[in-house]
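Q: Predicted coordinates and the sequence they were generated for:
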Amino acid sequence: MGHARDGAQQHRPSRTSRPENPRSRQAPKRRSPVRTFLKVVLVLAVLAGAGAVGYPLWKKAHEDKPPLTVQYKAGDAGSRSVSQPWLEVINVSDKRVALADVTMRYWFKEDEGADYAFNCVRAPAGCASVTERIVAMPTPTGTADHYLEVGFTAKAGSLAAGAKGGAVEVQVYRTDGRPVTESGYYSYDAGDSTFKVSRKVTAYLDGALSWGDEPTGASAEAAVNSASSPTPSQAAAPPTAPADTYFDAFHYSGPDDPALRENGWIVRTSKGGPGIENTWTASGVSFPPVKGAKGDQALQLRATTDGTARSTTQAELQSDSSKFFTGTYAARINFHNDPTSGKNGDEINQAFFMISKDQEKYSELDDEYEPNGGWGSPGPRLDTTTWYSADAGDRVTQQNFIDLGGWHTVVITAAHGTVTYSMDGKKIFTSSGKYYPRESMSANFNTWFVDLPFTGKRTWDMDVNWFYYRSGEAQSAAQVTQQVNSLYGKGQTYVDTVKPLS
C-alpha cells in the first residue's frame, strides 16, 4: 500500500466512534446438513456425467503417438544389381530419442538358393555408426522371408523432438553377383524415387514396434516378434564400436560398389609393378562366398595368365588413407598353394603389406607368401620384411620356409620401437632400431606373378576374410580374434573409429 502524498489523508476509522450494537445484526442461519450433502452429491453426479462424455475426447487428443516414422527412397534407380533401400528415421515425439535404441527393417524375399549380403554406403555420422544384419523370418509370407535390420551405435548420437535422422544409404545384394529381383519385395516401391513416408519399412524403439506394418498375418506376427523383436526389458544393449579401431569384413557387391570407395578402399588399375608391369585390373577383385570365411563372404584377389604379359592380370586392393601408424595390423587370409585352375608351378606372390607415401620418411611392413618360391629361392615361403628406404634397398628381411596353404590369422604389431610379425599367434620375426615405421601408412592386399616361365592358362586366387587395425596398441592374435568375433556378433561388418593423425 503506497504512502499518502501532497497532504492527502488516508481514511482511517475514528478512534472516538461508537462501536456497532451487536444486537442490531441478525445471526446467520444454520445450513441443514442433509441439504448440504444432497448438493455435493448433485455436483459430483453432474461432473461424473460430463467426465463420462469428455474423457474419450480428452484421451483421443492426448494419447501417445508413435514416436518414430520412416521415410524410404528406392536408391539409385540406375543400378539393379543391388537393392538400395535408403532410409531416414524421424522423431515425431516430443522427447529426444537415442539412435542406439532405434532399428529399422526393410523386408524382402530372396531368390531361391541365393545368398545375400549387405553394406552401408553413406550415413550422417559415417557408416561406422550403422549396424546391419539379415534375419530369416520364422514365418515367411508371399512377399517377404527375410529382413535387413539397420541399427545405430552410440556414435550416431540422438534425435531431438521433431528432428530427422538424415539418409542412411544401405544395400542388399546377391553374393554371386547376379541381379536382385526387387519387384516382389514387401518393402520395395519403384515409385519412391524421392523420400516418402512408408509404412512398409518398420521402425522399433527399444525393440518394440513403433512404426509401420510388418508383412505378417495376426497368427504369424507373434512368432516374428518373439524370435527377433525383444521387449524393452529384454532388449540387448546397443552395439558399441571399440575406440581407435578400423575393421572391414569386406561385405561389398563388387569392385564398383560405391560403399567400397566410401569406406576408404581403392581397386588398383594404375600402371607399374611389382610383378608383370601394367597389368593391374579391377576384374580380379570380387567379394564372393568363400568356403571357411567367417560371415560367408571375403575379398578375393585373382591373378590370371597364359604365360604372356599381354594376357596377364594382377589384382590389388589398397586403402586410400595413410592414417595407419603404430599399433596392430591383422588380417585373416586364405593363402593358396595351388592354382584355382590350370597347371601349378608359377612363382606367385600373395601379399599383405603397409606402405607410406612419404619417401623421406619411408615406411613399409611386408608379409609375402610364395607357395612356389621366387627370385631363385624355393617355397613354400613367407618373406617378412621391414623397410627403411625403398630407393636404397635398405631393409631387414627373413625367409620363413613354412607351408601356409589355407586360412591363417596374420598379425603385425608396431609398438615400443619393435615390429613383430606373427602367424596364428606364433612370433616369426622382429625388427627394431631404424627398422621401425617413421610415417603413417596405407593397408594393401595383392596377388601377382614374380615372372612367367610357363605357358598355358592359369588362375590364382587369394582370399581375405577381414582386415583389422588397432591404433597405438599391440594386441595378440587371441585379442584380435576376440575383438573381431565381437564385432561380427553385433552385426558390425565395418567400423572406423581411428582418429585422424595430426
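A: Looks like it arrived, so ask away.

Q: and the longest strand for this structure?
A: Counting by DSSP state E, the longest strand found in the chain is strand 458-471.

Q: Pull out the buried residues from it.
A: Neighbour counts using 16 or more other CB atoms under 10 Å place 458, 460-471 of strand 458-471 among the buried residues. Every residue, glycine included, has its C-beta placed from N, CA and C.

Q: That one: what's the following helix or strand?
A: helix 477-489 (DSSP states H and E).

Q: Would you tell me what the next helix or strand after that next one is?
A: On the C-terminal side of helix 477-489, the nearest following helix or strand under DSSP H and E is strand 494-496.

Q: re the thing from before, would you turn the buried residues of strand 458-471 into a markdown table with pLDDT and distance to T481?
A: As requested, the buried residues of strand 458-471 are exported to a markdown table (pLDDT from 0 to 100; distance: CB to CB, whole Å):
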| residue | pLDDT | distance to T481 |
| --- | --- | --- |
| R458 | 98 | 33 |
| W460 | 98 | 27 |
| D461 | 98 | 24 |
| M462 | 98 | 20 |
| D463 | 98 | 17 |
| V464 | 98 | 15 |
| N465 | 98 | 11 |
| W466 | 98 | 10 |
| F467 | 98 | 14 |
| Y468 | 98 | 9 |
| Y469 | 98 | 14 |
| R470 | 97 | 12 |
| S471 | 96 | 18 |
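
Q: Out of those, which is nearest to T340?
A: T340 lies nearest to D461 out of the buried residues of strand 458-471, by CB to CB, at 4.9 Å.

Q: Contacts only, for the closest residue in space to S476 that isn't next to it in sequence.
A: Leaving aside its sequence neighbours, S476 sits nearest to G425 (CB to CB, 6 or more residues apart in numbering; 6.5 Å). Under the criterion of CB atoms under 8 Å, 6 or more residues apart in numbering, the neighbours of G425 are 409, 411, 476-478.

Q: change it to 7 Å
A: Counting by CB atoms under 7 Å, 6 or more residues apart in numbering, G425 makes contact with 476-478.

Q: Mind pulling up the pLDDT for it?
A: G425 is assigned a pLDDT of 97 by the prediction.

Q: Please put the alpha-carbon coordinates of stretch 462-469 into PDB.
A: Output of stretch 462-469 as PDB, limited to C-alpha atoms (Å, rounded to 0.1, in the frame of the first residue of the first chain):
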ATOM      1  CA  MET A 462      44.000 -65.100 -52.600                       C
ATOM      2  CA  ASP A 463      41.100 -64.600 -50.100                       C
ATOM      3  CA  VAL A 464      40.900 -62.100 -47.300                       C
ATOM      4  CA  ASN A 465      38.200 -62.600 -44.800                       C
ATOM      5  CA  TRP A 466      38.700 -59.400 -42.800                       C
ATOM      6  CA  PHE A 467      41.100 -56.600 -42.000                       C
ATOM      7  CA  TYR A 468      41.600 -55.200 -38.500                       C
ATOM      8  CA  TYR A 469      43.700 -52.300 -37.100                       C
END
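
Q: mind checking how far it is from the chain centre?
A: Its chain's C-alpha centre and that of stretch 462-469 lie 17 Å apart, by CA atoms, centre = their mean, to the nearest Å.

Q: Stretch 416-428 too?
A: Centroid separation between stretch 416-428 and its chain, computed with CA atoms, centre = their mean, is 29 Å.

Q: List the buried residues of it.
A: 419-423.

Q: Okay, helices next: where are they in the stretch 201-350 of the chain?
A: For the stretch 201-350 of the chain, the helices defined by DSSP state H, counting those that start in this stretch cover 218-228, 258-262.

Q: which two from the buried residues of stretch 416-428 end up farthest apart in space?
A: Spatial extent of the buried residues of stretch 416-428 (CB to CB) is set by the pair V419 and M423 at 14.4 Å.

Q: Make TSV out of the buried residues of strand 458-471 and add distance to G126.
A: TSV is the format used below for these (distance: CB to CB, whole Å):
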residue	distance to G126
R458	41
W460	35
D461	31
M462	29
D463	27
V464	23
N465	23
W466	19
F467	17
Y468	18
Y469	16
R470	18
S471	16
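
Q: Extract the residue ranges of the stretch 101-250 of the chain that are flagged as low pLDDT.
A: 192, 217-240 (pLDDT under 70).

Q: The same query, at a cut-off of 50, please.
A: Residues of the stretch 101-250 of the chain meeting the criterion pLDDT under 50: 218-238.

Q: Roughly how far does the residue nearest to S476 sit from T181?
A: G425 sits at a distance of 44 Å from T181 (criterion: CB to CB, to the nearest Å).

Q: before we move on, what about S93?
A: According to CB to CB, S93 and T181 sit 37 Å apart.

Q: Please apply the same query to E214.
A: Relative to T181, E214 is positioned 21 Å away (CB to CB).

Q: Which one of those two is surrounded by more residues?
A: It is E214, of E214 and T181, that has more neighbours when counted by other CB atoms under 10 Å, with 21 against 16.

Q: hang on, that one packs against A203?
A: No: judged on CB atoms under 7 Å, E214 makes no contact with A203 at a distance of 11.0 Å.

Q: how deep is the closest residue to E277 other than its chain neighbours tucked in, by neighbour count?
A: Once flanking residues are discounted, E277 sits nearest to K271: 6.9 Å by CB to CB, 6+ apart. The number of residues packed around K271, counting by other CB under 10 Å, is 9.
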